[in-house]
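Undergrad: Fold the following and give me the result.
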Amino acid sequence: MIAPARKDFVSLAVGESGTYTNGKQRKQSYWRKWKQLSSLQRSLILLVLLLLLISGIVIYPGLLTHWGAQSETVESRSDGDRKQEQIQMRREEKVVLPEPLSEKKGFRKRGPPVLQNRLQNKVNVSEAQKVEMKMLLEDGNKSLISWRGAVLKMDEDKDAIKKEESDSAVAASRLEAVQEAFRHAWKGYKDFAWGHDELKPISKSYNEWFGLGLTLIDALDTMWIMGLKKEFEEARQWVATHLSFEKNVDVNLFESTIRILGGLLSTYHLSGDALFLDKAKDIGSRLLPAFNTPSKIPYSDVNIGNGVAHPPRWTSDSTVAEVTSIQLEFRELSRLSGDPKYQDVVMEVTKQVHKLEGKHDGLVPMFINTNSGQFTHLGVYTMGARADSYYEYLLKQWIQGGRTEKELLEDYMQAVEGIKKNLLRKSSPLGLTFVGELTHGRFSPKMDHLVCFLPGTLALGAHNGLPAEHMELAEQLMETCYQMYAQMETGLSPEIVHFNMQTGSTQDVDVKPADRHNLLRPETAESLLYLYRYTKDKKYQTWGWEIFQNFNKYTRVESGGYTSINNVRDPKSPSPRDKMESFFLGETLKYFYLLFSDNPEILNLDKYVFNTEAHPLPIWPKAE
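TA: Predicted coordinates:
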């Protein structure tokens, strides 16, 4: 025992003096000291080491990062600038992006917090990517847009939200603007023309046509759709207490049907108020004597007080549009009243026109004789005045009846082919597709603003299963109708235009002095509504907003109301005509309001069909 003790003493003394010994001797010295410890001391030391080991495992990721940073710092300090540049180069090397997260790999939109550590430790990623992944984990509604790595659509989502909020704000402001325009027009009517047919806003007076409150009745369903409860209630009160058809007055069958009968039926459907249905039955029965003709083709005028009907004083003809554009309303009146007599008289007209000779590829002449029941003024074909709504009602009756009446569809399809074959041309220089007129075989590039109903009608047909070519033509004609506004100095369309077809023309549209007036017509706004509803292309809303603003700029009267103007080519002096047509409230503003709304349920076009005065009537269930 003495020799080992002496050897240990020498070993320790050498070590303290600074002389190095070999490793084997040190290991033997440490082992001997360990053996000299008691069992309790050895156990305590082992326990401390075990605890240190466990602690190291728990905090290892943080230590590793810390040690790595210290190592780089020491290395850069010891080796100088060269080492520092190498470290910077390693940091800038392309990193390996994490694998795409998916449901199969355990990624859940609202996953547990421990997922953060799994992602961060999976690969060596840049600090920017770590921040992106942290954002991903903190907002479970965001997802990846890159298959190959953690490229987030955070910005896109934020932009989409901002755009949606912006679009909603724009839509709300535009709807408010249309409501304000209606209130302004209504104020003028209420102040200067209450209970009368039409407002004369410049002279602050009124014009009487039938003496039946046309503007008020035309505007009823517009107020309901816009949610103008106060205005609606005061108008309803007038209908309840002052509207009477017991008057010795001649009314036009067509105008009374589309404005009064149509307006009352539509308001009844929207409000459920039986007052309006009762009034509709009253006026409907008073219009029936117009059908008491030798041919069953109705006279144009009827006295609703004494029941005497007659043609205009200057002719025995009625216009084809007038006698074929009353069917929607009379058919619906029969359905609601349970009395078939209203539907019977108008369907007799439809049947006769269906089988008449004198059509040209499905196109009809403008006049029909009430005595013979035959077309007159043969050889003149137009989509404008006196014929326009014939084509519109072919399609809309087919839709109203649940798309079951084949003859109506056949006549409509034949007419569209006739339009394409005979009336379509291109203008110069923009190559706009337009609809002209045919007079005894000669083509005229004349197009009424009334023809701008056609893009919407074609789009409605395409939406209901007719050929896609109809929608393509609708979009082309919609562009043309917009240009009829955009190429005018006031941004408002004239009543009639002539399109230039010669090569070298500088402007597509030419307007004769007698045709430069604007009557606040609704046809372009109507078609913009259909095109926007069925394509969702925002440009149609943009075009509509431009037109609406120009109505405000050039036709608004300060004291209340809006006025027709004489000259759309003179923005300095558009020359007001002192008349606000009832259809401005019944149609034009209604179509603008629906165009600017992104809520199709305000008026679902799969549940309602508009009559030619913009009064929505329900589409019948197919069982009926």
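Undergrad: only C-alpha atoms for contact and neighbour calcs from this point on.
TA: Will do.
Undergrad: so how far is Phe254 from Glu437?
TA: 24 Å (Cα to Cα, to the nearest Å).
Undergrad: Also Arg183?
TA: 28 Å.
Undergrad: Enumerate every residue touching the nearest residue to Phe232 once chain neighbours are set aside.
TA: Leaving aside its chain neighbours, Phe232 sits nearest to Met223 (5.7 Å; criterion: Cα to Cα, 6 or more residues apart in numbering). Contact partners of Met223, counting by Cα atoms under 8 Å, 6 or more residues apart in numbering, are Lys229, Glu231, Phe232.
Undergrad: Could you check which helix or strand contains Met223?
TA: Met223 belongs to helix 214-226 when assigned by DSSP states H and E.
Undergrad: again with Leu394
TA: helix 388-400.
Undergrad: cool, and Val609?
TA: Using DSSP H and E, Val609 falls in strand 608-610.
Undergrad: neighbouring strands for the helix or strand just after that strand, and are they parallel or not?
TA: Downstream of strand 608-610, the next assigned helix or strand under DSSP H and E is strand 616-618. Applying DSSP bridges, strand 616-618 is found paired with strand 608-610 (antiparallel).
Undergrad: got a list of contacts for the partner strand?
TA: So strand 608-610 is contacted by Lys396, Ile399, Gln400, Pro616, Leu617, Pro618, Ile619 (Cα under 8 Å, 6+ apart).
Undergrad: contacting residues around the fourth one?
TA: To tie it back to what came earlier, the one meant is Pro616. For Pro616, the contacting residues are Ser266, Tyr608, Val609, Phe610, by Cα under 8 Å, 6+ apart.
Undergrad: Show the pLDDT at the spatially closest residue to it that is not a sequence neighbour.
TA: In space, not counting the residues next to it along the chain, Pro616 is nearest to Phe610; the distance is 4.2 Å by Cα to Cα, 6+ apart. The per-residue pLDDT reported for Phe610 equals 98.
Undergrad: Please apply the same query to Glu103.
TA: Taking Glu103 on its own, its pLDDT is 36.
Undergrad: What distance do you get for the residue nearest to Phe232 to Phe210?
TA: Relative to Phe210, and taking Cα to Cα, Met223 is found at 22 Å.
Undergrad: mind listing the helices for the stretch 501-624 of the chain?
TA: Secondary structure of the stretch 501-624 of the chain (DSSP state H, counting those that start in this stretch): helices located at 523-535, 539-555, 583, 589-596.
Undergrad: Just want the angle from the first one to helix 589-596.
TA: What that stands for is helix 523-535. 30 degrees (axes from the mean of the first three to the mean of the last three Cα atoms, to 10 degrees).
Undergrad: Which secondary structure elements does helix 523-535 sit against?
TA: helix 454-463, helix 468-486, helix 539-555, helix 589-596 (3 or more Cα pairs under 8 Å, 6 or more residues apart in numbering; DSSP states H and E).
Undergrad: So which elements touch the last one?
TA: Which is helix 589-596. helix 154-192, helix 214-226, helix 523-535, helix 539-555.
Undergrad: How many neighbouring residues does the nearest residue to Asn292 once chain neighbours are set aside have?
TA: Once flanking residues are discounted, Asn292 sits nearest to Pro298: 6.9 Å by Cα to Cα, 6+ apart. Per other Cα atoms under 10 Å, the neighbour tally for Pro298 reads 33.
Undergrad: same thing with the one 5 residues further on?
TA: The number of residues packed around Asn303, counting by other Cα under 10 Å, is 20.
Undergrad: Now do the same contact list for it.
TA: Taking Cα under 8 Å, 6+ apart, one finds Asn248, Val249, Asp250, Val251, Ala309 in contact with Asn303.
Undergrad: What residue, apart from its backbone neighbours, is nearest the second one spatially?
TA: In space, Val249 comes closest to Asn303 once its chain neighbours are excluded; the distance is 5.3 Å by Cα to Cα, 6+ apart.
Undergrad: and what of the last one?
TA: With sequence-adjacent residues excluded and distances taken as Cα to Cα, 6+ apart, Ala309 is closest to Val302, at 4.0 Å.
Undergrad: Against Val249, how distant is that neighbour?
TA: 8 Å.
Undergrad: Who has more neighbours out of these two?
TA: Between Val302 and Val249, Val302 has the larger neighbour count (other Cα under 10 Å), namely 25 against 16.
Undergrad: Just checking, which helix or strand succeeds the helix or strand hosting that one along the chain?
TA: Element membership for Val302, per DSSP H and E: strand 301-303. As assigned by DSSP H and E, the chain's next helix or strand after strand 301-303 is strand 309-310.
Undergrad: Give the pairing partners of that following strand; include direction for each.
TA: strand 301-303 (antiparallel).
Undergrad: Can you point out the buried residues in stretch 200-208?
TA: Lys200, Pro201, Ile202, Lys204, Ser205, Tyr206, Asn207 (16 or more other Cα atoms under 10 Å).
Undergrad: oh sorry, the question was meant for stretch 532-541
TA: Tyr532, Arg533, Tyr534, Tyr540, Gln541.
Undergrad: Pull up the distance across it, start to finish.
TA: End to end - Cα to Cα - stretch 532-541 spans 7 Å.
Undergrad: Contacts for it, please.
TA: By Cα under 8 Å, 6+ apart, stretch 532-541 touches Ala459, His463, Leu528, Leu529, Leu531, Leu595, Phe596, Pro600.
Undergrad: Need these in a markdown table (columns: distance to Met366).
TA: Shown next, in a markdown table, are the contacts of stretch 532-541 (distance: Cα to Cα, whole Å):
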| residue | distance to Met366 |
| --- | --- |
| Ala459 | 24 |
| His463 | 28 |
| Leu528 | 27 |
| Leu529 | 28 |
| Leu531 | 28 |
| Leu595 | 32 |
| Phe596 | 35 |
| Pro600 | 36 |
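Undergrad: Of those, which count as buried by neighbour count?
TA: Looks like the contacts of stretch 532-541 have Ala459, His463, Leu528, Leu529, Leu531, Leu595, Phe596 buried, using 16+ other Cα under 10 Å.
Undergrad: which ones are touching the residue nearest to the fourth one when sequence neighbours are not counted?
TA: Sequence neighbours aside, Leu595 is the residue nearest to Leu529 in space, at 4.7 Å (criterion: Cα to Cα, 6+ apart). Contact criterion Cα under 8 Å, 6+ apart gives Ala525, Leu528, Leu529, Tyr532, Arg533, Gln541, Gly544 as the residues in contact with Leu595.
Undergrad: Next, find the distance separating the nearest residue to Val511 once chain neighbours are set aside from Ser427.
TA: Leaving aside its sequence neighbours, Val511 sits nearest to Val497 (Cα to Cα, 6+ apart; 5.0 Å). With the distance defined as Cα to Cα, Val497 ends up 12 Å from Ser427.
Undergrad: Break this structure into its domains for me.
TA: 92-154, 167-566+585-618 (automatic domain parsing).
Undergrad: Compare the mean pLDDT across these and name the weakest.
TA: For those, where the average pLDDT is lowest is domain 92-154, sitting at a mean of 40.
Undergrad: Wait, His455 touches Glu479, no?
TA: Residue 455: Pro, not His. No - applying Cα atoms under 8 Å, one finds Pro455 not in contact with Glu479, separated by 9.3 Å.
Undergrad: what about the residue nearest to Val511, which helix or strand?
TA: Val497 belongs to strand 496-499, assigned by DSSP H and E.
Undergrad: Strand partners (parallel or antiparallel) of that strand?
TA: Here, using DSSP bridges, strand 496-499 pairs with strand 446-448 (antiparallel), strand 509-510 (antiparallel).
Undergrad: Tell me the gap between the first one and the middle of its chain.
TA: Meaning strand 446-448. Between the centre of strand 446-448 and the centre of its chain there are 28 Å (Cα atoms, centre = their mean, to the nearest Å).
Undergrad: Show me the contact partners of that strand.
TA: Here strand 446-448 has contacts from Gly384, Ala385, Phe434, Val435, Gly436, Glu437, Glu495, Ile496, Val497, His498, Phe499, using Cα under 8 Å, 6+ apart.
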